[in-house]
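S.K.: I'd like to go over a predicted model; first the sequence, then the structure.
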Amino acid sequence: MAAASAQKPAGSPLVEVEHLTKHFIVKQGVFARSKGVVHAVEDVSLTVNRGETLGIVGESGCGKSTTARLIVRLLEPTSGVVRFDGQDISRLSQRQLRPLRRQMQIIFQDPYSSLNPRKSIGQIIGEPFSIHKTEKDTKNRVRELLGRVGLSPEHYNRYPHEFSGGQRQRIGIARALALQPRLIVCDEPVSALDVSVQAQILNLLRSLQDEYDLTYIFISHDLSVIRQVSDRIAVMYVGRVVETGQSELLYEHPRHPYTAALLSAVPRPETNGSGGKRQRIVLGGDVPSPVAPPPACVFHPRCPRARIGHCDTEAPVLRPFEGDHEAACHYPVERWPMTGEELAHRPAEEPAPESASAG
Ligand code: SF4
């Protein structure tokens, strides 16, 4: 049981992020001159409530992993605030962060690269206990954890290379659990696994969440995986949160054209009663470079609904829809599902811009 988290009610904020920004300076040449700035995370605000799973989804390079690393302070923010359990941790020194580290753990995509190949599983998982517990107690606790994540306690003396990908991920989970954390960042934890093994790991994470009262930030590029695990979702594009809200609301009626395009690629044979056809919406162009993000709405060069003269000059802010659903778009999707042609069609009540009114 995570006794520490029982002090405040489930559903109250554990993590609060305000205007979080991370820029990386790109240097090049013999004199390491500054070549530019990577706008990895730009003005991100979100909340993660106790006991819930916040899914962060987006294409590769959208800033989702950087955001998670900023939250657990593996990276220094350029600006903005991160609060953990009400405490501003964004400017704490590494020494000040030490007591908080055990409360915030990460499960990585490739556990093999984060497991020391020269150490046995018992040593890897038991490391945090070695200061406080006797050898016998450490062994018992590690065996208990191995059993809890679906491995045999007899695996104690084996080495990482002796395990399959799924088993290694279970070891990574046991290691993260060892310190009884309150927050676990799951960074693409099933992306490298077969579909059948993915389901087992997702089920394990879900049951551990209930048992240990855990809060998850779950990062994935895969919307169908995100849907299975998330209570709420934040969709990121080029370092910004473009849409956020309860999982069901967002899947049933995405408001941002980017989310709509992502969702159209998720296999689902049936259509809803609105008569809309389910057809993949193919976006043109590439994801822009975070070194030179497009002005105003960063999605405008690829957006089928973009209006030149508005979307490229005025940045949309997150605005509310039903429930806690928010999207940053001047011309949000009015119904769902839609075909690509329907998405590109402007709503009747919205006047077309002069430059595109012909026809
Ligand atoms: Fe598309 Fe304009 Fe909305 Fe951006 S603001 S997503 S360009 S419609």
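M.R.: On my side now, so go ahead.
S.K.: Just give the number of residues close to whatever residue of the stretch 51-200 of the chain ends up closest to the ligand.
M.R.: With CB to the nearest ligand atom, the shortest gap between the stretch 51-200 of the chain and the ligand falls at Gly58, namely 14.1 Å. All C-beta spots, glycine's among them, are computed from the backbone N, C-alpha and C. Residues lying near Gly58 (other CB atoms under 10 Å) number 28.
S.K.: Quick check: closest non-adjacent residue to it.
M.R.: Nearest residue to Gly58, sequence neighbours excluded (CB to CB, 6 or more residues apart in numbering): Met236, at 3.8 Å.
S.K.: Quick one: distance of the helix or strand containing that neighbour to the chain centre.
M.R.: Met236 belongs to strand 232-237 when elements are defined using DSSP states H and E. Relative to the centre of its chain, strand 232-237 is centred 7 Å away, using CA atoms, centre = their mean, to the nearest Å.
S.K.: Would you mind pulling up the elements that it packs against?
M.R.: strand 53-57, strand 240-246, helix 247-252, helix 257-264 (3 or more CB pairs under 8 Å, 6 or more residues apart in numbering; DSSP states H and E).
S.K.: Dump the ones you listed into TSV; add distance to Val190 and mean neighbour count as well.
M.R.: Output for the helices and strands packed on strand 232-237, formatted as TSV (distance: least, CB to CB, whole Å; neighbours: other CB atoms under 10 Å):
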stretch	distance to Val190	mean neighbour count
strand 53-57	12	25
strand 240-246	22	24
helix 247-252	17	19
helix 257-264	18	24
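S.K.: Minimum distance to Val317: which of the ones you listed has it?
M.R.: strand 240-246 (10.4 Å; CB to CB).
S.K.: who does the closest one pair up with?
M.R.: In the sheet, strand 240-246 lines up against strand 232-237 (antiparallel), strand 326-327 (antiparallel) (DSSP bridges).
S.K.: Buried residues in the one helix or strand in the chain whose mean pLDDT sits lowest, which are they?
M.R.: In the chain, the helix or strand scored least confidently by mean pLDDT, DSSP states H and E is helix 111-114, which has a mean of 77. Going by neighbour count (16 or more other CB atoms under 10 Å), the buried part of helix 111-114 is Pro111, Tyr112, Ser114.
S.K.: Residues touching that helix, excluding its own?
M.R.: The contact list for helix 111-114 (CB atoms under 8 Å, 6 or more residues apart in numbering) reads Phe108, Pro160, Gly165, Arg168, Gln169, Ile171, Gly172.
S.K.: Neighbour-wise, give me the winner out of these.
M.R.: So for those (other CB under 10 Å), the most neighbours sit at Gln169, 29 neighbours.
S.K.: quick check: mean pLDDT across the helix or strand in which that residue is found?
M.R.: For Gln169, the host element (DSSP H and E) is helix 165-177. Average pLDDT, helix 165-177: 95.
S.K.: Tell me how far that helix lies from the chain's centre.
M.R.: Per CA atoms, centre = their mean, the displacement of helix 165-177 from the mean C-alpha position of its chain is 19 Å.
S.K.: Quick one: list the elements packing against that helix.
M.R.: Judged by 3+ CB pairs under 8 Å, 6+ apart, the packing partners of helix 165-177 are strand 104-107, helix 111-114, helix 121-126, helix 135-148, helix 195-212.
S.K.: Out of these, name the one with the poorest average pLDDT.
M.R.: Among these, helix 111-114 has the lowest mean pLDDT, at a mean of 77.
S.K.: What are the buried residues along stretch 142-156?
M.R.: For stretch 142-156, by 16+ other CB under 10 Å, it's Val142, Arg143, Leu145, Leu146, Arg148, Val149, Gly150, Leu151, His155, Tyr156.
S.K.: What lies in contact with that stretch?
M.R.: Residues outside stretch 142-156 that contact it (CB under 8 Å, 6+ apart) are 120-122, 125-126, 129, 139, 163, 167, 170-171, 173-174, 177-178, 200, 204, 208.
S.K.: Buried deepest among the strands paired with strand 240-246, which one?
M.R.: Across the strands paired with strand 240-246, averaging neighbours per residue (mean count of other CB atoms under 10 Å) puts strand 232-237 on top, at a mean of 26.
S.K.: can you dump the C-alpha coordinates of the least confident helix or strand of the chain into CSV?
M.R.: Extracted as CSV, the C-alpha positions of helix 111-114 are listed here (Å, rounded to 0.1, in the frame of the first residue of the first chain):
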residue,chain,number,x,y,z
PRO,A,111,14.3,-2.1,-20.2
TYR,A,112,17.3,-4.0,-21.5
SER,A,113,19.4,-0.8,-22.0
SER,A,114,18.5,0.3,-18.5
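S.K.: what's in contact with the helix or strand containing Val225?
M.R.: Using DSSP H and E, Val225 sits within helix 223-229. Here helix 223-229 makes contact (CB under 8 Å, 6+ apart) with 53, 55, 57, 190, 198, 202, 205-206, 216, 218, 220, 233, 247, 251, 262-263, 265-267.
S.K.: what comes up buried for that helix?
M.R.: Buried, per 16+ other CB under 10 Å, within helix 223-229: Leu223, Val225, Ile226, Arg227, Gln228, Val229.
S.K.: same question for it, mean pLDDT?
M.R.: For helix 223-229, mean pLDDT rounds to 94.
S.K.: now swap in stretch 304-318 and tell me
M.R.: Averaging pLDDT along stretch 304-318 gives 96.
S.K.: Now do that stretch: distance from first to last residue.
M.R.: End-to-end distance of stretch 304-318 (CA to CA, to the nearest Å): 19 Å.
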